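Novice: with the sequence up front, the predicted model follows.
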Amino acid sequence: MSIVLKNVSYTYGKSGSDCGQALKDISLEIHKGEFLAIVGHTGSGKSTLIQLFNGLERATQGEVYFQGENIYSKGFSMKRLRSKVGLVFQYPEHQLFEATVIKDVEFGPRNMGQEPLQVELNSFQALKDVGISEELLDVSVLALSGGQKRRVAIAGVLAMQPEFLVLDEPMAGLDPAGRREIFSLLKKLHEERGITIVFVSHSMEDVAEYADRVVVMNQGQIVLDGKPRRIFHYEKELQQIGLGVPQAAQLVHRLAERGAGIEQDCLTADESAAAILRWLEK
Amino acid sequence: MIRDITIGQYYRADSVIHRLDPRVKIVGTLLYIISLFAFRGFAGYAAAVVFFGVIVFLSKVPLSYILRGLKPVFFVLIFTSVLNLFWTPGESFFTWGVIDLTWEGLYKTIFIALRLIFLVLGSSLMTFTTTPNQLTDALEKLLGPLRHLRVPVHELSMMMSIALRFIPILVDETDKIMKAQAARGADFESGSIMQRLKSMVPILIPLFVSAVRRADDLALAMDARCYHGGAGRTKMHPLRYRGQDFVAYIVCICYSLLIFVV
């Protein structure tokens, strides 16, 4: 039960000046049950990468396997793949179109050929899962706030009952409270529903806080892959490719550089604070 | 998915023709098109072909690129050629059943086809060497005198350049919307015509909503910069004729005179 990319390359454009390589020889396995973050600078290829997972973009070279099946083989149902690997894009405005919230969420499951009753049930449940209250079900999608739109967009994908949920920059443009809400929602889906979560981000704080595995991309290649704790040891390398480590961890690293006898294995602000406190009390 | 559509077919190159003032190119193209219809006889055609050839050479746009512009008129070309070839009365040179080909028909076919071909090639050469924005600028300048007849020239050209400016943005957005809906299982490719039309709704609505929102934002941004129409407005890059433009005008006029005399 996994998504496997084998030596995948992706070239856009046909020929001439506007052609370029977005992904170079990428091999990656996403296991069921992971909470995976894909980080990278703008243009590192992370958005292209996630569109390979559900077959929206086709790799120019290499193979993609879903649960052991080659998704490019003849007779493979892309529709089924897209219901199993739900992809939520960055801007909810790009997908909300129906007159009411509930109707919009029903679009996905209906396309998947679910029974009408099942469609309603799943949509209702998905909206409940993302924390959209019942009063909002019959409200126009255009009347929602930014955070609500994003949650409805996630619900629209959740209603298809995916096993993998892939999100492109799910926190972009949200205030801190909105970010926390989205993340606690993802965490809940991960823990209670057992949905594998993959999210694209460039905020190292978010990554440190939530992900249990980080894939770092640079110029179309995977440069680091592992647990956040391990990844953040490579502070210099991360800085070189325009990323960094969480600010709290950075502070601890700086203190250690100045000769403080402090544990450096900190990820989040809380952990760093505790480490600094222990060092001061020594 | 729909990135392949090219709108505005500007071909980036650094050539004399590219550097010419867009007004010259518009006037020149107009003269050229008129000249195509003004003459009769092979000498005139030869002149038109040579003139076109020289400009293509100067423009550094590959010939294959220019010929691609003929694709959309291909059917019109075939249609008119067939009509002219078979239905022109005159002295026949080939008869087979109901088919009756005449010398007059052949002559007319060749001439009309050539006219059509050079008409399309001439105007597409202009768009190859001139950016859409230059074109609207030049049109605004050329149509300027119509202001006195209360034609809102500035507003029209502003609308045109805004529309052109937004085409690539909306194409990009359509692409993203199509992907977002495809991720939810939308199918744009199969089914009956009615089903396919219906499948456009989830694309068109977000696109319209976003276009209206963008228009609103743009209006606000223009307002914030005190835009109030064309009166007293200056340009960052005003169009100014230089030596080469006058030379080009003289060449065009000489060409026209030559054609009309022949």
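Specialist: Ah, there it is.
Novice: tell me how chain B divides into domains.
Specialist: Domains of chain B are assigned by automatic domain parsing as B:16-130+B:240-261, B:154-224.
Novice: does the shortest one reach chain A?
Specialist: Meaning domain B:154-224. Yes: contact of domain B:154-224 with chain A (C-beta under 8 Å from any C-beta of the partner chain) involves B:173, B:176-177, B:179-187, B:201-202, B:205-206, B:209-210. Backbone N, C-alpha and C define where each C-beta goes, glycine included.
Novice: narrow those residues to those that are buried.
Specialist: B:173, B:176-177, B:179-186, B:202, B:205-206, B:209-210 (16 or more other C-beta atoms under 10 Å in any protein chain shown).
Novice: so where do the helices sit in the stretch 101-250 of chain B?
Specialist: B:103-129, B:132-142, B:153-183, B:193-198, B:201-224, B:243-261 (DSSP state H, counting those that start in this stretch).
Novice: and those helices as TSV, adding mean pLDDT?
Specialist: Shown next, in TSV, are these (pLDDT from 0 to 100):
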stretch	mean pLDDT
helix B:103-129	83
helix B:132-142	84
helix B:153-183	87
helix B:193-198	86
helix B:201-224	92
helix B:243-261	83
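Novice: between those helices, which gets nearest to residue B:37?
Specialist: Checking those against residue B:37 by C-beta to C-beta gives helix B:103-129 as the closest, at 6.9 Å.
Novice: centre of the chain to the closest one, how far?
Specialist: Here helix B:103-129 shows a centroid-to-chain-centroid distance of 15 Å under the convention C-alpha atoms, centre = their mean, to the nearest Å.
Novice: try stretch A:169-177
Specialist: For stretch A:169-177, the distance to the chain centre is 13 Å (C-alpha atoms, centre = their mean).
Novice: for residue A:205, which of the domains of chain B is the nearest?
Specialist: domain B:154-224 (26.8 Å).
Novice: just list the residues touching residue B:49, thanks.
Specialist: Taking C-beta atoms under 8 Å, 6 or more residues apart in numbering or on different chains as the contact definition, residue B:49 lies against residue B:118.
Novice: any figure for the gap between it and residue B:259?
Specialist: Using C-beta to C-beta, to the nearest Å, one gets 12 Å for the distance from residue B:49 to residue B:259.
Novice: hmm, back to that, now the domains of chain B as a markdown table including distance to residue A:27?
Specialist: Below are the domains of chain B laid out as a markdown table (distance: least, C-beta to C-beta, whole Å):
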| stretch | distance to residue A:27 |
| --- | --- |
| domain B:16-130+B:240-261 | 40 |
| domain B:154-224 | 24 |
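Novice: nearest to residue A:192 among the ones you listed would be which one?
Specialist: domain B:154-224 (22.8 Å).
Novice: enumerate the residues of the stretch 101-250 of chain A near chain B.
Specialist: A:107-108, A:111-112, A:142, A:156-157, A:160.
Novice: and the furthest pair within those?
Specialist: Most distant of those, by C-beta to C-beta, are A:112 and A:142, 25.2 Å apart.
Novice: show me the contacts for whatever residue of the stretch 151-262 of chain B ends up closest to chain A.
Specialist: As assessed by C-beta to the nearest C-beta, chain A sits closest to residue B:185 within the stretch 151-262 of chain B, at 3.1 Å. By C-beta under 8 Å, 6+ apart, the contact list for residue B:185 reads A:79, A:82-83, A:108, A:111-112, A:160.
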